[in-house]
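K.L.:
show me the folded form of this:
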Amino acid sequence: MEKITSKSNDLIKDVKKLISSSRKRREDGLFVLEGARLCFDILNSLYEAEIFLISESAYKKYGDTARELSDSKALRTYIISDEVAEKLSDTDKTQGVFAVCRMKKPDYEIKSDDRIIILDNVQDPGNLGTVLRTAEALGISAVYVCGGCDVYNPKVIRATMGSLLRLPIFDNISCDEAVSFLHNLGMKVYATVPNDKAQDITKMNFEKGCACVIGNEANGVSPEIIDKCDGAVTIRMLGNAESLNASVAAAITMWEMLR
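P.N.:
I've put the predicted structure just below:
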């Protein structure tokens, strides 16, 4: 395997740009995983590593798994110095394991009995990543990410804990288009709102396929989308808080949709 020791190496510069720039990621159709767990999750996914980078220290620690990934799921593998790993890292303390992967369109066909989450302009990377991780854990069929934070933001990817590689995620679509598409399948779509006049989510019948829209952290679901939905649901609160964090609201909503 080729070894890279220079921080100014052109490949290292390109990978660093992919980590820091959403525009670069979209132009190249590539994103970067960082960390042993995330990178080695490729072994149990439909993804492969276009480029696999592992530091000298990490190779000593994860040798067997690193060799398996390099041999079976990586097109190119490079050993990098610990100093280069530090330069690349988006974390305070790097594990020295990186994988550049190509974006994929989900190989999943939405069915009329699916349970779907639509995210309307969710901005916070931690919220977005947590919603995706929770969606996979609870068994949501697919998630539409409509506007807001880039799905391939490194903070989002870390918060998903690998769910990005396994959950069907549709992110190149507007909220309006997503709602229209699901309506055409005969699916009901509900907006989640902090409004006492909306239907109590615990009293909703989610036996058939349906979708729920989770709104932006500051403004909630946009009025235009609320008008397009089949109804509005709310999570009743006994305390004085006006609303819930977006990822918490999404988790409760998904639990109610699936229980």
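K.L.:
in whichever strand or helix holds K16, which residues are buried?
P.N.:
K16 belongs to helix 10-20 when elements are defined using DSSP states H and E. Neighbour counts over helix 10-20 (16 or more other C-beta atoms under 10 Å) mark L11, I12, V15, K16, L18, I19 as buried. Backbone N, C-alpha and C define where each C-beta goes, glycine included.
K.L.:
also stretch 69-84?
P.N.:
Neighbour-count burial for stretch 69-84, counted by 16+ other C-beta under 10 Å, picks out L69, S70, K73, A74, T77, Y78, I79, I80, S81, V84.
K.L.:
now do the contacts for I118.
P.N.:
V143, Y144, C146, C175, A178, V179, V189, A211, C212, V213, I214 (C-beta atoms under 8 Å, 6 or more residues apart in numbering).
K.L.:
now for the fourth one: which residues touch it?
P.N.:
Meaning C175. C175 neighbours (C-beta under 8 Å, 6+ apart): I118, D120, N121, Y144, C146, G147, V213, S222, I225.
K.L.:
next, find the distance separating V151 from E68.
P.N.:
27 Å (C-beta to C-beta, to the nearest Å).
K.L.:
typo on my end, it should be F52
P.N.:
11 Å.
K.L.:
pLDDT below threshold where in the stretch 51-200 of the chain?
P.N.:
Scanning the stretch 51-200 of the chain for pLDDT under 70 picks out nothing.
K.L.:
helices of that one, residue ranges please.
P.N.:
Secondary structure of the stretch 51-200 of the chain (DSSP state H, counting those that start in this stretch): helices located at 56-72, 82-88, 125-138, 154-160, 175-184.
K.L.:
need those helices in a markdown table with distance to R25, can you?
P.N.:
Formatted as a markdown table, these follow (distance: least, C-beta to C-beta, whole Å):
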| stretch | distance to R25 |
| --- | --- |
| helix 56-72 | 21 |
| helix 82-88 | 15 |
| helix 125-138 | 14 |
| helix 154-160 | 10 |
| helix 175-184 | 22 |
